[in-house]
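Undergrad: Sequence first, then the predicted structure, then my questions.
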Amino acid sequence: MDKWELLTQLTAARESYELSDRTLRVLAVLLGVHRERELTDGAPLIVYASNATLCERAHGMPESTLRRHLAALVASGLIARHDSPNGKRYQRRDASGAVVRAYGFDLRPLLLRAGEIAHHARAAEIRSNEIALLREEVVLLIRDASDLAQLGHASELDEGLDAIEDAVILAKRQLRRKLGLEDLSTIRDRLQPLVATLVEKLTPEVEPTDPVTPELIASDSQNERHIQVSDKTLIDLKERVPEPHKAQSVQKALSPILTACPDVLPYAEKRVSDWTSFVQLMARIAPMTGIDPSTWQEACRAMGPEDAATTLAGIVQNVGTIRSPGAYLRSLSRKAQEGSFTPDAMISSLQRKAA
């Protein structure tokens, strides 16, 4: 077993063995003193270097500190101590120069526990990834909550804002520390219902007019296509090539959206004549409104590219009243995943304003 690979795995799994960074540094010194890179069962694995040598290799670590960390390694069962009659570390060789007896620190327990250490290292990596993902989710929730609270103030919505602002302040304070899964889950579970409630209050409840709903639903008879949703990111989507007798109705479905959201048209490099060009147009507009690629991709996954593009067009048309388009789109994506949002009401409201 490669000794440095084993040390790397043990470093990843150090919490399982309650090892500090300085204890691991002392173990690295012991491994460095051992001449062979490979730890092999049956080979001499006893390190007999003096405390003075070990302290020097540990960049001047005080001898009292060295003793403490050596004791921690012995207590953890990762190394064993073989004391000589006089308490010193040394080795005896025969006439041929082969080591016949050695006193010092035995690295064999470390080798014998290599499989266990690798298991704990993998578990630590999985847990670390889970914590990173959950922490990222919490940070996004905090950002969304802050942006929505600002939007609530701008909309003169007072109810519930104090609670969400207090929760944001508390969450930011807690994130200054290193948190585990349980603490992060508690923060997430506290913020999610507050954000969902605020989104519900800020989302206009408008009854859709009848031309919009059926026209935004794509035909099941359409084939597969590949739509470029940004300059750098491709999302594979079901291509919807209309049958000849349906081409006119599918093309008309886009007309009410463009009529209700004329502010997006100046950004078009060519005539927006179908859903493909419309989705491509909105993908170009997204970063101009401060919407990052991951937010746009999530909206496309949650709503479908056509509804995501339609929703973004509505946001652009209302941009003067929406302080944070990214936070608003993420909130609507979550509602779409729950089945509680489509852009129909938004477009209907804009149609009435334009009438």
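TA: Sure, I can see it. Residues are numbered from 1 along each chain as shown.
Undergrad: Break the protein down into its domains, please.
TA: 3-112, 124-202, 212-354 (automatic domain parsing).
Undergrad: Among the ones you listed, single out whichever gets nearest to residue 118.
TA: domain 3-112 (5.4 Å; CB to CB). (Each C-beta comes from the backbone N, C-alpha and C, glycine too.)
Undergrad: what mean pLDDT does that closest one have?
TA: Regarding domain 3-112, the rounded mean pLDDT is 88.
Undergrad: got it, and stretch 273-283?
TA: Mean predicted lDDT for stretch 273-283 stands at 88.
Undergrad: re the thing from before, mean neighbour count, the domains of the chain: which tops it?
TA: Per-stretch averages of neighbours, counted by mean count of other CB atoms under 10 Å, single out domain 212-354 among these, with a mean of 17.
Undergrad: Now do that one: distance to the chain's middle.
TA: Centroid separation for domain 212-354 versus its chain: 26 Å, with CA atoms, centre = their mean, to the nearest Å.
Undergrad: can you give me the helices for the stretch 201-350 of the chain?
TA: 212-215, 247-260, 275-285, 293-303, 305-317, 325-337, 344-354 (DSSP state H, counting those that start in this stretch).
Undergrad: out of those helices, which comes closest to residue 35?
TA: That would be helix 293-303 among the helices of the stretch 201-350 of the chain, by CB to CB, at 49.9 Å.
Undergrad: Could you find the closest non-adjacent residue to residue 351?
TA: residue 260 (4.7 Å; CB to CB, 6 or more residues apart in numbering).
Undergrad: do you know how far the one you found is from residue 344?
TA: Using CB to CB, to the nearest Å, we find residue 260 at a distance of 11 Å from residue 344.
Undergrad: do residue 18 as well
TA: For residue 18, the distance to residue 344 - CB to CB - is 57 Å.
Undergrad: Let me have the domains of the chain in CSV, extended by distance to residue 118.
TA: Output for these, formatted as CSV (distance: least, CB to CB, whole Å):
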stretch, distance to residue 118
domain 3-112, 5
domain 124-202, 11
domain 212-354, 33
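Undergrad: Quick check on residue 13: phi, psi?
TA: phi -100, psi 20 (degrees, to the nearest 10).
Undergrad: so it touches residue 120, yeah?
TA: Yes - checked against CB atoms under 8 Å, the pair residue 13 and residue 120 is within contact range at 3.5 Å.
Undergrad: element containing the spatially most central residue of the chain?
TA: The chain has residue 133 as the residue nearest its centroid, 3.2 Å off, counting by CA atoms, centre = their mean. Using DSSP states H and E, the element containing residue 133 is helix 114-154.
Undergrad: Check which helices and strands that helix sits against.
TA: When contacts are defined as 3 or more CB pairs under 8 Å, 6 or more residues apart in numbering; DSSP states H and E, helix 114-154 packs onto helix 3-12, helix 14-17, helix 161-174, helix 181-202, helix 325-337.
Undergrad: how about a cut-off of 6 Å?
TA: Using 3 or more CB pairs under 6 Å, 6 or more residues apart in numbering; DSSP states H and E as the contact test, the elements touching helix 114-154 are helix 3-12, helix 161-174, helix 181-202, helix 325-337.
Undergrad: who's in contact with the second one?
TA: This points to helix 161-174. Here helix 161-174 makes contact (CB atoms under 6 Å, 6 or more residues apart in numbering) with 142, 145, 146, 149, 152, 187, 190, 191, 194, 198.
Undergrad: Mind doing that once more with 10 Å?
TA: 138-139, 141-146, 148-150, 152-153, 183-184, 186-188, 190-191, 193-195, 197-198, 201 (CB atoms under 10 Å, 6 or more residues apart in numbering).
Undergrad: any idea of the angle that helix forms with helix 181-202?
TA: 150 degrees (axes from the mean of the first three to the mean of the last three CA atoms, to 10 degrees).
Undergrad: cool, the shortest one as well?
TA: Between helix 3-12 and helix 181-202, the angle formed by their directions is 50 degrees, by the same axes, to 10 degrees.
Undergrad: just the last one next, same as before
TA: Taking the same axes, to 10 degrees, helix 325-337 and helix 181-202 form an angle of 90 degrees between their directions.
Undergrad: Give the other helices and strands that helix 325-337 contacts.
TA: helix 114-154, helix 181-202, helix 293-303, helix 305-317 (3 or more CB pairs under 10 Å, 6 or more residues apart in numbering; DSSP states H and E).
Undergrad: export these to TSV and tack on distance to residue 353?
TA: Converted to TSV, the helices and strands packed on helix 325-337 look like this (distance: least, CB to CB, whole Å):
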stretch	distance to residue 353
helix 114-154	18
helix 181-202	18
helix 293-303	22
helix 305-317	9
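Undergrad: Residue 268 is nearest to which of the ones you listed?
TA: helix 305-317 (11.5 Å).
Undergrad: Which strands and helices lie in contact with the closest one?
TA: Using 3+ CB pairs under 10 Å, 6+ apart, helix 305-317 sits against strand 225-228, strand 234-237, helix 247-260, helix 275-285, helix 293-303, helix 325-337, helix 344-354.
Undergrad: need those in a markdown table with distance to residue 110, can you?
TA: Putting the helices and strands packed on helix 305-317 into a markdown table (distance: least, CB to CB, whole Å) gives the following:
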| stretch | distance to residue 110 |
| --- | --- |
| strand 225-228 | 53 |
| strand 234-237 | 48 |
| helix 247-260 | 66 |
| helix 275-285 | 54 |
| helix 293-303 | 42 |
| helix 325-337 | 48 |
| helix 344-354 | 63 |
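Undergrad: where does the stretch 201-350 of the chain dip in pLDDT?
TA: Low-confidence segments of the stretch 201-350 of the chain (pLDDT under 70): 202-252.
Undergrad: Lovely, talk soon.
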